[in-house]
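1. Based on what follows, work out the 3D shape:
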Amino acid sequence: MPTILITGTSRGLGLECARQYAEAGWTVLACARNPAASPPLQALASTHSGRVKTLSLDVEDHAAIDRLARELDGTAIDVLLNSAGTMGNGSFAKDGLAFGSFGRSDYEDWETIFRLNVFGPMKMAEAFIGHVARSNQKKIVTLTSMLGSVGINRIGGLYAYRASKAAVNAMMKSMAIDLAKSHGIAATALHPGWVRTDLGGPQADIDSETSVAGMLKVIDALTLETAGRFWVYDGSELPW
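-> All right, here's what the predicted structure looks like:
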């Protein structure tokens with residue numbers, strides 16, 4: 001059966017991705033900063049004993065990423081799914097556009113957001129490219145956000161988060177071009193929709209089950225020809 005490595009699996013979309021892939025029969029390498037502190041993740045691993053392996057990983061710690069890559073040396077990873085992400089210190093769900101508005105920039109928070117949302121996926125791809133390249137499916141997917149689209153931004157605000165997602169979109173576009181040539185890897189950005197999670201808030205459009213079910217279909221259909229685009233969980237596309 002195929003293997004997927006997922007970051008940010010302690011809760012939210014990462015956890016739901018781990019659940020649905022495990023139920024589909026995949027081997028799931030479920031990464032989280034502290035897996036033992038997530039009862040739902042532990043329950044999932046117990047339910048799918050031998051299929052879901054929990055791994056301790058802080059995506060901001062590049063040395064830890066390198067160590068994990070060495071530990072998994074020889075493992076073929078069909079899909080590398082970068083799910084870990086943050087909006088930083090604050091909450092759009094609670095504060096709306098007042099959070100991250102112009103004139104209220106916390107630059108230390110900007111650095112944290114970029115370390116997790118941009119540097120993390122890039123480092124994961126560079127560290128695990130060999131694992132992905134030796135697999136059958138050869139896919140690298142990073143969860144992004146429609147808030148990273150420059151083309152549809154009509155309301156402004158959310159500077160740090162928007163900037164980080166626009167940056168990761170550009171990164172995944174270049175990765176799609178380069179890795180297709182060098183390793184036959186299909187890389188893409190994927191918007192999960194506005195989801196009712198801790199990050200999305202209770203007023204969001206869809207639940208995590210719906211989002212992830214759609215994303216699994218998009219990932220399954222991903223090819224070298226369809227890589228490097230701004231996909232949405234429902235199979236539609238967003239402008240950059």
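2. Which parts of this structure are strands?
-> Listed in chain order, the strands of the chain (DSSP state E) span 3-6, 27-32, 52-56, 79-82, 139-143, 186-191, 230-232.
3. Please put the alpha-carbon coordinates of the fourth one into CSV.
-> Which is strand 79-82. This file holds the C-alpha atoms of strand 79-82, laid out as CSV (Å, rounded to 0.1, in the frame of the first residue of the first chain):
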residue,chain,number,x,y,z
VAL,A,79,2.8,11.8,-0.9
LEU,A,80,4.5,14.4,1.2
LEU,A,81,1.6,16.5,2.6
ASN,A,82,2.6,19.8,4.3
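4. Tell me the strands beside it, with direction?
-> strand 3-6 (parallel), strand 139-143 (parallel) (DSSP bridges).
5. Please tabulate the strands of the chain in TSV, including the columns distance to residue 123, mean pLDDT and mean neighbour count.
-> To be clear about C-beta, it is placed using only N, CA and C from the backbone, and glycine gets the same treatment. Supplementary listing: the strands of the chain in TSV, determined by distance: least, CB to CB, whole Å; pLDDT from 0 to 100; neighbours: other CB atoms under 10 Å:
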stretch	distance to residue 123	mean pLDDT	mean neighbour count
strand 3-6	13	98	25
strand 27-32	13	98	26
strand 52-56	15	98	18
strand 79-82	10	99	28
strand 139-143	12	98	26
strand 186-191	14	98	26
strand 230-232	22	98	21
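6. Let's have these in a markdown table, adding distance to residue 121.
-> Output for these, formatted as a markdown table (distance: least, CB to CB, whole Å):
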| stretch | distance to residue 121 |
| --- | --- |
| strand 3-6 | 12 |
| strand 27-32 | 12 |
| strand 52-56 | 17 |
| strand 79-82 | 4 |
| strand 139-143 | 5 |
| strand 186-191 | 10 |
| strand 230-232 | 15 |
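7. count of neighbours near the residue lying closest to residue 217 once chain neighbours are set aside?
-> Once flanking residues are discounted, residue 217 sits nearest to residue 235: 6.8 Å by CB to CB, 6 or more residues apart in numbering. Applying other CB atoms under 10 Å, we find 11 residues neighbouring residue 235.
8. looking at it, residue 235 is touching residue 219, isn't it?
-> No. At 11.0 Å, residue 235 does not count as touching residue 219 under the criterion of CB atoms under 8 Å.
9. Bridged to residue 189, which residues?
-> Assigned bridge partners for residue 189, using DSSP bridges, are residue 142, residue 230.
10. and it, what does it touch?
-> 141, 142, 144, 148, 168, 169, 172, 173, 229, 230, 231 (CB atoms under 8 Å, 6 or more residues apart in numbering).
11. sorry, back to before: what's the distance between the residue nearest to residue 217 and residue 214?
-> Residue 235 sits 7 Å away from residue 214, taking CB to CB, to the nearest Å as the criterion.
12. before we move on, what about residue 116?
-> 24 Å.
13. Same question for residue 76.
-> 26 Å.
14. Also residue 53?
-> For residue 53 relative to residue 214 (CB to CB), the value is 25 Å.
15. try residue 48
-> 22 Å.
16. ditto for residue 146
-> Counting by CB to CB - residue 146 and residue 214 are separated by 14 Å.
17. More neighbours: which of those two?
-> When neighbours are counted by other CB under 10 Å, residue 146 and residue 214 differ, and residue 214 comes out ahead with 20 against 17.
18. contacting residues for the more buried one?
-> With CB under 8 Å, 6+ apart, residue 214 has these contacts: 193, 233, 234, 235.
19. Before I go, just wanted to say thanks for your time.
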